[in-house]
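Engineer: Sequence first, then the predicted structure, then my questions.
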Amino acid sequence: MCHLILLMPLFGLAVFWILPLWIALPLYILILLVSGILYYAIMKAMRTPVTTGAKGMIGLVGKIVENNNGRALVWVHNELWHAENSQSYQTGELVCVTGIHGLHLNIKKTSDFI
């Protein structure tokens with residue numbers, strides 16, 4: 001169905017067979033303008049960054065809620081996540097999500113990015 005939108009100017013050529021030229025030409029120009037606006041909106045939507053799923057989590061800032069023996073609980077995006085880490089973190093410290101492995105976050109201190 002979405003491919004039919006891309007073929008709209010081609011289908012619009014049929015107005016030249018049905019209507020007189022003085023009506024068909026402005027109508028076809030209108031069809032071209034509408035399809036150009038649609039193409040622009042489609043391309044803009046395709047270039048928006050991912051905001052859901054695992055890829056949407058990367059780069060978010062969270063807060064350490066609890067840290068026990070290299071495992072931490074991190075509050076990110078209104079959810080508690082487990083994070084395995086090699087660094088020591090203090091409760092309340094801000095961290096940045098660098099990746100996700102299964103249901104565990106990879107995190108780094110926000111001071112490492114500054």
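Structural biologist: Nice, thanks for sending it over.

Engineer: Which strands border the helix or strand containing C96, and is each parallel or antiparallel?
Structural biologist: Using DSSP states H and E, C96 maps to strand 94-101. Strand pairing for strand 94-101, determined by DSSP bridges: strand 61-68 (antiparallel), strand 104-109 (antiparallel).

Engineer: three-state assignment of the most centrally placed residue in the chain?
Structural biologist: Taking C-alpha atoms, centre = their mean, the centroid of the chain lies closest to V50, which sits 2.2 Å from it. Here V50 is recorded as coil under DSSP: H, G, I helix; E, B strand; the rest coil.

Engineer: pretty sure it is in contact with G56, am I right?
Structural biologist: Yes: here V50 reaches G56: they are 5.0 Å apart, a contact under C-beta atoms under 8 Å. (Each C-beta comes from the backbone N, C-alpha and C, glycine too.)

Engineer: And the contacts of the helix-or-strand element of the chain with minimal mean pLDDT?
Structural biologist: Within the chain, no helix or strand scores below helix 2-6, which has a mean of 76 by mean pLDDT, DSSP states H and E. Here helix 2-6 makes contact (C-beta atoms under 8 Å, 6 or more residues apart in numbering) with 11, 35, 38-39, 42.
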